[in-house]
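Undergrad: Everything below, folded, please.
(chains A and B)
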Protein chains: 2
Amino acid sequence: MDGSHWVGIKAIAEEMGRRGHQVTVVIPEVSIRLGPSRHYKTVSYPVPYDQEMVDKLMDNSKENIRANKLPLVERMCQRFANIQKISSFIHTTAESLLFNSTLITSLEQQGFDAVLTDPLVPTGNLIARHLGIPSVCLLRGLPCGQDLVSAACPSPPSYVPRFLTRHTDTMSFSQRVVNVLVSMVEPLLCRLMFWRFDQLAYRFLGEEVGVAEVLADSAIWLLRYDFTMEFPRPLMPNMVLVGGINCHVRNPLPQELNQWVSGENGFIVFSLGTTVSSLPDDITHIFLQAFALIPQKVLWRYTGSVPDHIPDNVKLMKWLPQNDLLAHSGARAFLTHAGTHGLYEGVCHAVPMVMLPLFGDQYDNAHRLAGKGAGMVLDINHVTMETLIQALDEVINNTRYKSSLLKLSAIHKDRPIDPLELSVYWTEFVMRNKGAGHLRVAAQDLSWFQYHSLDVLGLLVIVVIAIVTVIVKCLSLCIRRITRKRKQD
Amino acid sequence: MDGSHWVGIKAIAEEMGRRGHQVTVVIPEVSIRLGPSRHYKTVSYPVPYDQEMVDKLMDNSKENIRANKLPLVERMCQRFANIQKISSFIHTTAESLLFNSTLITSLEQQGFDAVLTDPLVPTGNLIARHLGIPSVCLLRGLPCGQDLVSAACPSPPSYVPRFLTRHTDTMSFSQRVVNVLVSMVEPLLCRLMFWRFDQLAYRFLGEEVGVAEVLADSAIWLLRYDFTMEFPRPLMPNMVLVGGINCHVRNPLPQELNQWVSGENGFIVFSLGTTVSSLPDDITHIFLQAFALIPQKVLWRYTGSVPDHIPDNVKLMKWLPQNDLLAHSGARAFLTHAGTHGLYEGVCHAVPMVMLPLFGDQYDNAHRLAGKGAGMVLDINHVTMETLIQALDEVINNTRYKSSLLKLSAIHKDRPIDPLELSVYWTEFVMRNKGAGHLRVAAQDLSWFQYHSLDVLGLLVIVVIAIVTVIVKCLSLCIRRITRKRKQD
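TA: Below is the predicted model of the structure:
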């Protein structure tokens, strides 16, 4: 997985390398941000697209934000077209790897101990099954809940809010109705989401399996969350919580940047994530106007064409050392799209947030954190200079945001082991023990009706009916005889 | 909780004391093995029984073993009488604490941060609720599953074997039927098990709550198991696995004992647990006869009257430093009643076992470990000199037991943190954060039909029926009109 999903995988791969393991990262020749490191070896494979095409795909984000203002049908069409484009990009990348026989043969020959992968794109899981080695999955959760199904993890819709519903764990009756309906539709969503990968699995592995079975092979699920942001829910023995995995991966700021952010008024970190390189001009203009009127400096991750008249207190950068900046004592606020990585960094360093959710789970994330007093949510399509200044002023100067965050941060960091350490531990465990067989639940060998004991309940219902019928028949026979006798008498 | 349950609580209490916490252990004046330590303060309260009565209650074990040979009805009667005695003993002890107003007032005044307790006897939980402070529970699991219900932890009967069934996690259809039936009876068992404590809760707390609600307060569940012996199953976020908590609590053997166990043939550790002080004479005789014929020395925990003619290679001791002995390189085999504490010690130090289960979960434990190749199971009522010698010879001289145990032991010990360390961490967490509110599931606020979404499903069924009815009515109306029209035509 590319984009922000790469952050956690890279952190673990680097740490494994630092500890003397031989780590090989398999990446396409062209990508958004996948890249080498001195702690691991990189093997790249050719793909039938170029950097320009990837950049253009990413630049779609501008149209996507714009699309939020379109009428429903048009918006749906544009969203669907976009999903199609990204989906096609992902499958092309997967096929380029899976059917590159030279590369696959070379992987077969190297005798790897395990595969570390993000199963949102299950290419790594297919390779693990093909190589016959265990896999360790790092993920926040699959949108349709396939990870939970494959791990046989219970997820009662009565209090586990479904993806994109914006529900909390305490739902009204009508919210629970929606949640149950969504949970009923989930298997269908999973089939839609993975149907091309199901076909790939069959073609690549040559066996009658789909993504569901392949994911069930996963030895360990490293879950990129904890219960400061997620709602508590059942877990399985092979699930390990590693939320905030990059919280402690800190480097000192480059001297020039450190100098720039210094100043008594502090600074604001502004990033809308890897996949959003720039904003529509009118929105950019609103942000710049607002920034010109606030005392804080602003560091903005911005890769689009540079607008004219940038205020003195604003610095546009193609890449931000976001976590290191948030860890700086001068960080006053975090303007974010509310992706989980950024939010955990914000919580880790207790920086109040103004959240501008754009897609997917970002709306859920933003509302959850706002509900915990960590910041405010703004709608990027209706943001004005006034609302932006007001929100920034509120989170920076009303101490309740900082104080809520300090509490959240303390709980988030109050864990027996650092999440990166824990991720490495379980990855090494899987390598040492050729998997984690002792944590595999027997539920994975049951069909869904066996799992829910429907066959047993069916039998019990039949037995009860049979007993009741026999009793009723006997009684009626007795009564008939008695009445007959009385008549005879 | 007294007996072997005290081992884990004591280990945590001592470690907390070592780390500078003020630990107060509240114990009755008379007990089986509860006692002081230099790492914590002890407060004792008077009880209306004496040591002789406790010893006599423990000595019941002899009759209990003997009872195994009685016909079913007599056996059941004796078992029931015994359970009554123990239950009465437990409730008397609990009442002596809860209604000792001087002691309770003194506890109220000391401003404790948390209560650490074994909820098999929920006195500690009642006190925690009364004092308004969080509780940390250390347990292996309650026989009727009340801990799981109170923690809202799913426990599908299709693959989670119920207590005392001797099932594994892979059950045949008929075993699943039994398991489902047992799971249906569990709520009733819980009410029977705790009905006197439910009354105590009402009397002591002065509110309409029972044990179920009081246990639901538990901030953290420290579970004394791991998945080398238990079958993998769902867990909740506030459940922490600390199986083998006393594995590393080791002291060097006293010099005299160390000298005695030394020798090229090694030694056997023999203990039937705290609650079994001696055996019926004929069984004792069989054991002594067998021990006289084997090359190993035998250390036997035995508190009854000493029999005549003890072989030279046998040493009877009132108390054994069991864990330290099992950790000794000379330990060849472990003759045990298959209580969880002993089994985890055996697994930790990879000592092959001959298991003689006597009561409760010991049959399940013994068969599970035997199934993993860690030893053999014998029936103490039908044990003969020959079968005993044969079993000891098999586990000592057939290397497959040792080799299975080395693998089990490696997995058991392959954990990111020592279980005692982890127990202390979470106890301190609860003290620092006044509980573990962020791990509490919203399921605890739902009624059982809400939890299972039965109200939602009911509505959905009604809606579907209504829609189908309307469609059918419409269709029949249409058909009627059409046919009428045709007739008119």
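Undergrad: Now find how far off-centre stretch A:205-218 is within its chain.
TA: 21 Å (CA atoms, centre = their mean, to the nearest Å).
Undergrad: buried stuff in it?
TA: In terms of neighbour count (16 or more other CB atoms under 10 Å in any protein chain shown), stretch A:205-218 has its buried residues at A:205, A:209-218. For every residue, glycine as well, the C-beta is placed using N, CA and C.
Undergrad: In strands, which of those appear?
TA: Residues of the buried residues of stretch A:205-218 located in strands (DSSP state E): none.
Undergrad: Now narrow these to whatever sits close to chain B.
TA: Counting by CB under 8 Å from any CB of the partner chain, nothing from these sits close to chain B.
Undergrad: would you turn these into CSV with pLDDT?
TA: CSV is the format used below for the buried residues of stretch A:205-218 (pLDDT from 0 to 100):
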residue, pLDDT
A:Leu205, 96
A:Val209, 94
A:Gly210, 94
A:Val211, 96
A:Ala212, 95
A:Glu213, 95
A:Val214, 97
A:Leu215, 97
A:Ala216, 96
A:Asp217, 96
A:Ser218, 97
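Undergrad: contacting residues for the closest residue to chain B within the stretch 351-489 of chain A?
TA: The stretch 351-489 of chain A approaches chain B most closely through A:Ala442 (3.8 Å), counting by CB to the nearest CB. Each residue near A:Ala442 by CB atoms under 8 Å, 6 or more residues apart in numbering or on different chains is listed here: B:159, B:168-170, B:231-232.
Undergrad: Let's see that with 10 Å instead.
TA: A:152, A:451, B:158-161, B:168-171, B:231-233 (CB atoms under 10 Å, 6 or more residues apart in numbering or on different chains).
Undergrad: Just the buried ones from those, in PyMOL syntax?
TA: To isolate the buried ones among the contacts of A:Ala442 in PyMOL, judged by 16+ other CB under 10 Å, type:
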select buried, (chain A and resi 152+451) or (chain B and resi 158+159+160+161+169+171+231+232+233)
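Undergrad: mind listing the strands in chain A by residue range?
TA: Taking DSSP E as the criterion, chain A carries its strands at A:24-28, A:41-45, A:115-117, A:135-139, A:220-223, A:239-241, A:267-271, A:297-301, A:314-317, A:331-336, A:353-355, A:375-377.
Undergrad: For A:Lys485, the count of nearby residues, please.
TA: For A:Lys485, the neighbour count with other CB atoms under 10 Å in any protein chain shown is 9.
Undergrad: who touches A:Phe163 in this structure?
TA: Going by CB under 10 Å, 6+ apart, A:Phe163 touches A:141-145, A:182, A:186, A:189, A:360-361, A:364.
Undergrad: go with 6 Å
TA: A:Pro143 (CB atoms under 6 Å, 6 or more residues apart in numbering or on different chains).
Undergrad: What distance do you get for it to A:Gly141?
TA: Going from A:Phe163 to A:Gly141 by CB to CB, to the nearest Å gives 7 Å.
Undergrad: do A:Phe267 as well
TA: As judged by CB to CB, A:Phe267 and A:Gly141 stand 33 Å apart.
Undergrad: residues in chain A within reach of chain B, list them.
TA: A:154, A:157-159, A:169-170, A:176-177, A:180, A:227, A:232, A:234-235, A:237, A:411, A:416-417, A:425, A:438-439, A:441-443, A:446, A:450-451, A:453, A:456 (CB under 6 Å from any CB of the partner chain).
Undergrad: picking that back up, neighbour-wise, which of A:Phe267 and A:Gly141 wins?
TA: A:Phe267 (21 against 18).
Undergrad: The more buried one bridge partners, please.
TA: Beta-bridge partners recorded for A:Phe267 (DSSP bridges): A:Lys297, A:Ala331.
Undergrad: was I right about it contacting A:Lys297?
TA: Yes - counting by CB atoms under 6 Å, A:Phe267 touches A:Lys297, with 4.1 Å between them.
Undergrad: circling back to that earlier point, with pLDDT and distance to A:Gln255 added, can I get the contacts of A:Ala442 in CSV?
TA: Shown next, in CSV, are these (pLDDT from 0 to 100; distance: CB to CB, whole Å):
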residue, pLDDT, distance to A:Gln255
A:Ala152, 96, 52
A:Tyr451, 96, 59
B:Ser158, 97, 62
B:Tyr159, 97, 59
B:Val160, 96, 58
B:Pro161, 94, 63
B:Thr168, 89, 63
B:Asp169, 92, 59
B:Thr170, 93, 62
B:Met171, 95, 66
B:Phe231, 94, 57
B:Pro232, 96, 52
B:Arg233, 97, 54
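Undergrad: So which of the contacts of A:Ala442 sit within helices?
TA: Counted as lying in helices by DSSP state H, out of the contacts of A:Ala442, are A:Tyr451.
Undergrad: and the contacts of A:Ala442 as TSV, adding distance to A:Thr387?
TA: Shown next, in TSV, are the contacts of A:Ala442 (distance: CB to CB, whole Å):
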residue	distance to A:Thr387
A:Ala152	46
A:Tyr451	50
B:Ser158	53
B:Tyr159	53
B:Val160	52
B:Pro161	58
B:Thr168	61
B:Asp169	56
B:Thr170	59
B:Met171	60
B:Phe231	55
B:Pro232	50
B:Arg233	49
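Undergrad: so which of the contacts of A:Ala442 comes closest to A:Ile86?
TA: Closest approach to A:Ile86 among the contacts of A:Ala442 (CB to CB): A:Ala152, at 29.7 Å.
Undergrad: looking at it, that closest one is touching A:Asp445, isn't it?
TA: No - here A:Ala152 lies out of contact with A:Asp445, judged by CB under 6 Å, at a distance of 9.5 Å.
Undergrad: Just the pLDDT for the nearest residue to A:Glu74 once chain neighbours are set aside.
TA: The spatially closest residue to A:Glu74, leaving aside those adjacent along the chain, is A:Ala67, at 7.7 Å (CB to CB, 6 or more residues apart in numbering or on different chains). For A:Ala67, the model assigns a pLDDT of 72.
Undergrad: And A:Ala67, how far from chain B?
TA: A:Ala67 sits at a distance of 33 Å from chain B (criterion: CB to the nearest CB, to the nearest Å).
Undergrad: I'd say that residue and A:Gln78 touch.
TA: Yes - taking contacts as CB under 6 Å, A:Ala67 lies within contact range of A:Gln78: 4.5 Å.
Undergrad: Give me the helix or strand of chain A that scores worst on average pLDDT.
TA: helix A:51-67 (a mean of 78; mean pLDDT, DSSP states H and E).
Undergrad: What helices and strands are in contact with that helix?
TA: Applying 3 or more CB pairs under 6 Å, 6 or more residues apart in numbering or on different chains; DSSP states H and E, one finds that helix A:51-67 makes contact with helix A:72-98.
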